[in-house]
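In: sequence isn't available, so here's the structure alone:
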């Protein structure tokens, strides 16, 4: 079985959650176990010693002070690209002597994107969908629901029924529909088709609740820390021929560059010069074309559906994506930063970070198919409490 690397647990731009998982395990976060599978058996971590590029050392060790622990977690993630080495300090299960081992002695388990011990990786998002769907039917039968997601299933049924003023009668598993939502351009405007946020609720649904009145409530199910509002193909938008000429010719490609004020040559250089130069590409604060950006966000986020976000600790965050709030949800406040080459400045990607009171967004353009030139544009996000979550 594969082992962990320093890059995976400190600064991996394509999977930033690995670094967050690692440091939260070390800091004994309540949602993460502090133990690791190691070559020599189960290893119980106490702390880590990190050496940075300038040869300074830092100890990350949990304490009873929650705010201090959170500060250390943020610091570790922020300094990720400068990590030179990591020693993990702890004890092997059943022993008392403290040991120090390298990260490379830890097994790359399912928490970090590896295979489970059984050899067959479980898709936790699909498992969450199946478990919740089964529990909802159990609740619909009128008997007392017990076990995982029982409280969430009961609450979701009643709240959705209350909104449409009609009782739920059955459910439909729509997750396999996998309806495409391509990115389109109209002049300088860029959007996810259809160009109407309220029409996306049905397309984003994984479970439809069908009510007595024949109305439907749409549930969009998400699981874990990395969440995505949109995942659109751009292989025909940013073509290899255009990229090599440093000239984007497609209408949609021009509209995307315009929306984010992306420098055309710098954008192409990120991919054309990948692994050909030691140059680090810059991060730049920009002023986007707000009208175009808001239309892309509006349709990418969509509306008129319920967000059902499963957490690793077994709880569920639940809220309604209200069409009346779509304009606010797709607003941008504060600075917008482009990271050419990703956070490391050396990757075959660009990341664009921005926020509003409801979400922290990261838009990234990269290749998801082990190639070089862009294949997809993705809008990742983290929701904030202002969205009005009910935590079940």
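Out: Received the coordinates, thanks. Since this is a predicted model, take the numbers as computed values, not measurements.

In: tell me who's in contact with residue 186.
Out: Going by C-beta atoms under 8 Å, 6 or more residues apart in numbering, residue 186 touches residue 195. The C-beta positions use only the backbone N, C-alpha and C, and glycine is treated the same way.

In: 603 is where my numbering starts, stick with that
Out: Okay, residue one is now 603; in that scheme the one you just asked about reads as residue 788.

In: quick check: bridge partners of it?
Out: residue 791 (DSSP bridges).

In: please enumerate the strands of the stretch 603-752 of the chain.
Out: Secondary structure of the stretch 603-752 of the chain (DSSP state E, counting those that start in this stretch): strands at 637-640, 643-654, 659-662, 685-694, 701-704.

In: want to try CSV for these, with distance to residue 961, mean neighbour count and mean pLDDT as columns?
Out: Below are these laid out as CSV (distance: least, C-beta to C-beta, whole Å; neighbours: other C-beta atoms under 10 Å; pLDDT from 0 to 100):
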stretch, distance to residue 961, mean neighbour count, mean pLDDT
strand 637-640, 32, 19, 87
strand 643-654, 30, 17, 90
strand 659-662, 28, 14, 94
strand 685-694, 28, 18, 92
strand 701-704, 38, 15, 92
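
In: so can I have CSV of those showing distance to residue 834?
Out: Below are the strands of the stretch 603-752 of the chain laid out as CSV (distance: least, C-beta to C-beta, whole Å):
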stretch, distance to residue 834
strand 637-640, 37
strand 643-654, 37
strand 659-662, 38
strand 685-694, 33
strand 701-704, 40
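
In: so which of these is nearest residue 827?
Out: strand 637-640 (18.5 Å; C-beta to C-beta).

In: list of residues touching the closest one?
Out: Counting by C-beta under 8 Å, 6+ apart, 627, 644-647, 690, 694-695, 703, 707-709, 711 sit against strand 637-640.

In: one more time with 10 Å
Out: 603, 605-606, 624, 627-628, 644-647, 690, 692, 694-695, 701, 703, 705, 707-714, 716, 719 (C-beta atoms under 10 Å, 6 or more residues apart in numbering).

In: among the strands of the stretch 603-752 of the chain, which is nearest residue 790?
Out: Of those, nearest to residue 790 by C-beta to C-beta is strand 685-694, at 41.5 Å.

In: strands of the stretch 853-994 of the chain, start to end?
Out: Going by DSSP E, counting those that start in this stretch, the stretch 853-994 of the chain shows strands at 885-888, 907-912, 918-923, 935-942, 951-957, 961-968, 978-985, 992-993.

In: how about those, which one is nearest residue 727?
Out: So among the strands of the stretch 853-994 of the chain, strand 907-912 is nearest, using C-beta to C-beta, at 7.9 Å.

In: okay, now the sheet partners of that closest one, with direction.
Out: When DSSP bridges is applied, strand 907-912 pairs with strand 818-825 (parallel), strand 918-923 (antiparallel).

In: now the ones you listed as TSV including mean neighbour count and mean pLDDT?
Out: TSV is the format used below for the strands paired with strand 907-912 (neighbours: other C-beta atoms under 10 Å; pLDDT from 0 to 100):
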stretch	mean neighbour count	mean pLDDT
strand 818-825	22	92
strand 918-923	20	93
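
In: and those strands: which comes nearest residue 668?
Out: Of the strands paired with strand 907-912, nearest to residue 668 by C-beta to C-beta is strand 918-923, at 20.5 Å.

In: return the distance of the biggest helix by length in the chain from the chain's centre.
Out: For the chain, the longest helix by residue count, based on DSSP state H, is helix 726-742. Remark: helix 726-742 is offset 22 Å from the chain centroid, using C-alpha atoms, centre = their mean, to the nearest Å.

In: how big is the angle separating the following helix or strand past it from helix 726-742?
Out: Using DSSP states H and E, the helix or strand that directly follows helix 726-742 along the chain is helix 752-766. Comparing the axes of helix 752-766 and helix 726-742 via axes from the mean of the first three to the mean of the last three C-alpha atoms, to 10 degrees yields an angle of 70 degrees.

In: what packs against helix 752-766?
Out: Packing partners of helix 752-766 (3 or more C-beta pairs under 10 Å, 6 or more residues apart in numbering; DSSP states H and E): helix 726-742, strand 770-775, strand 809-813, strand 818-825, strand 907-912, strand 918-923, strand 992-993.

In: returning to what we had before: of all the strands of the stretch 853-994 of the chain, which lies closest to residue 666?
Out: strand 992-993 (24.3 Å).

In: helices or strands up against that closest one?
Out: For strand 992-993, the elements it packs on are helix 752-766, strand 918-923, judged by 3+ C-beta pairs under 10 Å, 6+ apart.

In: buried deepest among these, which one?
Out: strand 918-923 (a mean of 20; mean count of other C-beta atoms under 10 Å).

In: tell me how far it lies from the chain's centre.
Out: Worked out by C-alpha atoms, centre = their mean, strand 918-923 lies 16 Å from the chain centre.

In: ditto for stretch 705-716
Out: Counting by C-alpha atoms, centre = their mean, stretch 705-716 comes out at 19 Å from the chain centroid.

In: buried sites along it?
Out: By neighbour count on 16 or more other C-beta atoms under 10 Å, the buried set for stretch 705-716 is 705, 708, 709, 710, 711, 713, 714, 716.

In: need the nearest residue in space to the fifth one, chain neighbours excluded.
Out: Going back to what we said before, that points to residue 711. Spatial nearest neighbour of residue 711, chain neighbours left out: residue 639 (5.3 Å); criterion: C-beta to C-beta, 6 or more residues apart in numbering.
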